[in-house]
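J.: Need coordinates for the following:
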Amino acid sequence: MALVLALLWGSTYPIVRVAGNPALILLGRYALSSITSAAILMRHGSLTGDKIRREIIKILASGATNMCFVVSMYYALLYIPSGPVSAIIYTYPLLILLISSLTGHGGIGFKTALGSLVAFTGVLTIYAPSRLDMGGVLLSILAAVSFAAASVISSRVSVGQVVLTALQNLVGLPIAVVVYILAGGDLGLDAVQLVAILHQGLGASFLAYIAWYRLLSRSVGAASSMVYMVPAAAYITAIPIAGEVPNIYQIFGLLLILFGIYIARR
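T.: Prediction:
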């Protein structure tokens with residue numbers, strides 16, 4: 001299950017990059033995922049209604065920050081290859097530790113500091129020698145920060161994770177509409193973009209999250225390994241899907257990032 005999940009999430013990067021038109025993919029993703037989310041809430045809503053009302057601010061904040069993550073990731077893929085985007089975004093476990101420390105939920109220990117230094121050296125190793133577009137790199141970093149913030153906020157919400165994911169999808173839909181309108185509202189849809197929308201709306205944002213929660217319930221260790229498997233899967237799937245072959249600096253930078261995460265999480 002972990003391998004299938006890693007491939008599903010990892011293939012997001014080259015598929016979205018090849019499809020282009022991130023605003024259209026975004027709208028299609030949230031339109032599809034909102035349909036499935038509404039069905040989930042109709043089934044569970046009566047059991048969690050009071051909790052939802054009590055924690056509506058946190059739910060809205062987690063949905064908005066998660067949406068910022070997706071938008072930043074999609075637009076980063078317009079400027080730099082799939083592998084570097086995934087590698088930079090997967091520094092988020094370190095950012096979660098740093099954000100938790102800054103918000104008073106723990107200190108920044110030596111291993112966290114050392115791991116962060118090693119990982120962000122990996123980001124520089126990916127960026128500088130490859131001469132990647134700075135805008136794409138900054139968008140990838142914004143995506144990582146947003147995902148980390150969404151994770152921290154979500155961990156403070158008491159509703160079930162499946163229900164919370166459904167609510168986040170519904171929060172994201174109006175934002176997706178706004179992004180689509182601001183981007184010009186291009187209605188052209190080709191076969192590749194349709195595949196990308198189905199992959200994102202039904203796969204990466206619904207089936208993958210259900211599999212993720214089941215994996216968590218069975219093995220926390222296997223679930224935690226996803227942080228190492230997904231960027232590797234993105235690099236591998238980008239070769240046949242997007243024709244992107246990573247250079248030695250990108251591979252070395254990814255290894256530094258993953259090693260830094262390993263140090264910090266020990």
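J.: lowest-confidence helix or strand of the protein?
T.: Using mean pLDDT, DSSP states H and E, helix 220-224 stands out as the lowest-scoring helix or strand of the chain, at a mean of 61.
J.: how about the strands of the stretch 151-266 of the chain, start to end?
T.: With DSSP state E, counting those that start in this stretch as the criterion, the stretch 151-266 of the chain has no strands.
J.: low pLDDT regions in it?
T.: Applying pLDDT under 70 to the stretch 151-266 of the chain flags the ranges 213, 215-224.
J.: can you pull the contacts of residue 244?
T.: Residues counted as contacts of residue 244 (CB atoms under 8 Å, 6 or more residues apart in numbering) are 14, 81, 82, 83, 238. (Glycine included, C-beta is placed from N, CA and C.)
J.: Mind checking which of those residues land in helices?
T.: Of the positions in the contacts of residue 244, 14, 82, 83, 238 sit in helices, assigned by DSSP state H.
J.: Could you export those residues as CSV, including distance to residue 227?
T.: Converted to CSV, the ones in helices among the contacts of residue 244 look like this (distance: CB to CB, whole Å):
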residue, distance to residue 227
14, 19
82, 17
83, 16
238, 18
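J.: Looking at neighbours, which among those residues is most surrounded?
T.: residue 83 (30 neighbours; other CB atoms under 10 Å).
J.: Contact partners for that one?
T.: Residues counted as contacts of residue 83 (CB under 8 Å, 6+ apart) are 13, 231, 234, 235, 238, 244, 246, 250, 254.
J.: Pick the one among these closest to residue 118.
T.: Residue 118 lies nearest to residue 254 out of those, by CB to CB, at 12.2 Å.
J.: Correct me if wrong: that closest one contacts residue 230.
T.: No: using CB atoms under 8 Å, residue 254 is not in contact with residue 230, being 11.2 Å away.
J.: higher neighbour count, those two?
T.: Of the pair residue 254 and residue 230, residue 254 is the one with more neighbours under other CB under 10 Å, namely 26 against 23.
J.: Tell me who's in contact with the more buried one.
T.: 83, 87, 122, 126, 231, 232, 235, 246.
J.: mind putting those residues in TSV, distance to residue 109 included?
T.: Shown next, in TSV, are the contacts of residue 254 (distance: CB to CB, whole Å):
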residue	distance to residue 109
83	30
87	24
122	20
126	26
231	24
232	27
235	30
246	32
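J.: Give the buried subset of those as a PyMOL selection command.
T.: Burial among the contacts of residue 254 is assessed by 16 or more other CB atoms under 10 Å; the matching PyMOL selection reads:
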select buried, resi 83+87+122+126+231+232+235+246
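J.: Output stretch 24-38 in CSV, but only the C-alpha positions, please.
T.: Provided in CSV are the C-alpha atoms of stretch 24-38 (Å, rounded to 0.1, in the frame of the first residue of the first chain):
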residue,chain,number,x,y,z
LEU,A,24,-7.9,24.5,-14.9
ILE,A,25,-6.4,21.4,-13.2
LEU,A,26,-6.9,23.0,-9.8
LEU,A,27,-10.6,23.8,-10.6
GLY,A,28,-11.2,20.2,-11.9
ARG,A,29,-9.4,18.7,-8.9
TYR,A,30,-11.5,20.5,-6.3
ALA,A,31,-14.8,20.1,-8.2
LEU,A,32,-14.3,16.3,-8.3
SER,A,33,-13.0,16.0,-4.7
SER,A,34,-15.8,18.3,-3.4
ILE,A,35,-18.4,15.8,-4.8
THR,A,36,-16.9,12.9,-2.9
SER,A,37,-16.3,15.1,0.1
ALA,A,38,-20.0,16.1,0.2
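J.: Mind checking which of the contacts of residue 254 are in helices?
T.: 83, 87, 122, 126, 231, 232, 235.
J.: Show me the helices in the stretch 151-266 of the chain, by range?
T.: Assigned by DSSP state H, counting those that start in this stretch, the helices in the stretch 151-266 of the chain fall at 161-182, 191-198, 208-218, 220-224, 226-242, 248-265.
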